[in-house]
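Participant: Give me coordinates for this.
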Amino acid sequence: MKGDLFSSAHVVQPAMEPGMSVENAKCIRYTVRGEMHARQGAMIAYRGSLQFERKGQGVGGMLKRAVTGEGLPLMAVRGQGEAWFAHEAHNCFIVEVEPGEQFTVNGRNVLCFDASLAYEIRTVKGSGIAGGGLFNSVFSGQGRLALVCDGTPLVIPVSPQAPVYVDTDAVVGWTAHLQTSLHRSQSFGSMLRGGSGEAIQLMLEGEGFVVVRPSELTQQKAQQH
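Facilitator: Have a look, this model is predicted:
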């Protein structure tokens, strides 16, 4: 078969090593030798001897369901083989979590991750009852985490001298040791008279990085997630 479609730019090459790698800008390949975890519905192809098991709300040492504002059910993938993961042709990128580190991420941006990573669901500190979308997953341990982003993500340094304010619908995640709180940029009276509508942002202080996507979560996208 000939044509640009069958060029080396598109044909999958043999895996070099087990684990996670970027297949292309929109897809992650995972060479499974045992077990890994992924977002339900994100697997687009696989080969080999793999089993897929849905995971609900866990008890004890069982895999937990990553509950965010929109809800994110996960699945375990076990066996020997290769699987490819993607979500709505969003951009994919990999975060390497080292021992002693933590990375907080919005559940809707999680694609797949190593089984060696531990995670727990936390309410974003300072968010109060501001909305269900402020439940994030905190990953720790050692391993790789694949994320998706609607567009090319912005990685903004945060320092004690320069806190960063982000739209709560645009934030993807942030590194450990950053403190969060809600910041009101307009008075209630200003809102009544009209304005941008960007009344509340998430304020991050300390030393680290925050990852932001270049688009807000619309009502239609929220329903799709």
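Participant: Just confirm E207 contacts H177, I think it does.
Facilitator: Yes. Between E207 and H177 there is a contact at 6.1 Å, judged by Cβ atoms under 8 Å. (Glycine included, C-beta is placed from N, CA and C.)
Participant: Which of the helices and strands in the chain ranks last by mean pLDDT?
Facilitator: Lowest on mean pLDDT, DSSP states H and E among the helices and strands of the chain sits helix 219-224, with a mean of 49.
Participant: Could you pull out the helices in this structure for me?
Facilitator: 188-192, 219-224 (DSSP state H).
Participant: residues contacting E82?
Facilitator: Contacts of E82 were listed using Cβ atoms under 8 Å, 6 or more residues apart in numbering, and they are A15, R29, Y30, T31, V32, Y46, R47, G48.
Participant: Okay, and which of those residues map to strands?
Facilitator: R29, Y30, T31, V32, Y46, R47, G48 (DSSP state E).
Participant: which one of those residues sits closest to D114?
Facilitator: Y30 (8.9 Å; Cβ to Cβ).
Participant: Bridged to that closest one, which residues?
Facilitator: Applying DSSP bridges to Y30 gives these bridge partners: M20, A83.
Participant: thinking it is in contact with A83, fair?
Facilitator: Yes. With contacts counted by Cβ under 8 Å, Y30 reaches A83, the gap being 5.2 Å.
Participant: Now which of the contacts of E82 would you call buried?
Facilitator: Listed as buried from these are R29, Y30, T31, V32, Y46; burial here means 16 or more other Cβ atoms under 10 Å.
Participant: Could you check how many residues crowd around V148?
Facilitator: 26 (other Cβ atoms under 10 Å).
Participant: Report pLDDT for it.
Facilitator: At V148, the pLDDT value in this model is 96.
Participant: What of the one 4 residues further on?
Facilitator: T152 is assigned a predicted lDDT (pLDDT) of 93.
Participant: Do you know the pLDDT at the spatially closest residue to it that is not a sequence neighbour?
Facilitator: Spatially, and ignoring its direct neighbours in sequence, T152 is nearest to N91 (6.1 Å; Cβ to Cβ, 6 or more residues apart in numbering). In the prediction, the pLDDT value recorded for N91 is 96.
Participant: Kindly report the same for the one 3 residues further on.
Facilitator: With respect to pLDDT, I94 scores 97.
Participant: so where's this protein shaky on pLDDT?
Facilitator: For the chain, the stretches flagged by pLDDT under 70 are 2, 5-7, 9, 56-72, 125-134, 185-199, 216-225.
Participant: Looks like R29 contacts E17 (just checking).
Facilitator: No. Using Cβ under 8 Å as the test, R29 is too far from E17 to be in contact (11.1 Å).
Participant: how about A42, phi and psi?
Facilitator: The phi and psi values for A42, taken as degrees, to the nearest 10, are phi -90, psi -10.
Participant: Spit out the contact partners of it.
Facilitator: Here A42 is in contact with F85, A86, H87, L111, C112 (criterion: Cβ under 8 Å, 6+ apart).
Participant: who touches stretch 14-27?
Facilitator: 12, 28-33, 36, 44, 82, 84-86, 89-94, 112, 114, 144, 146.
Participant: mind checking how far that stretch is from the chain centre?
Facilitator: Relative to its chain's centre, stretch 14-27 lies at 18 Å (Cα atoms, centre = their mean, to the nearest Å).
Participant: Alright, that wraps it up for me.
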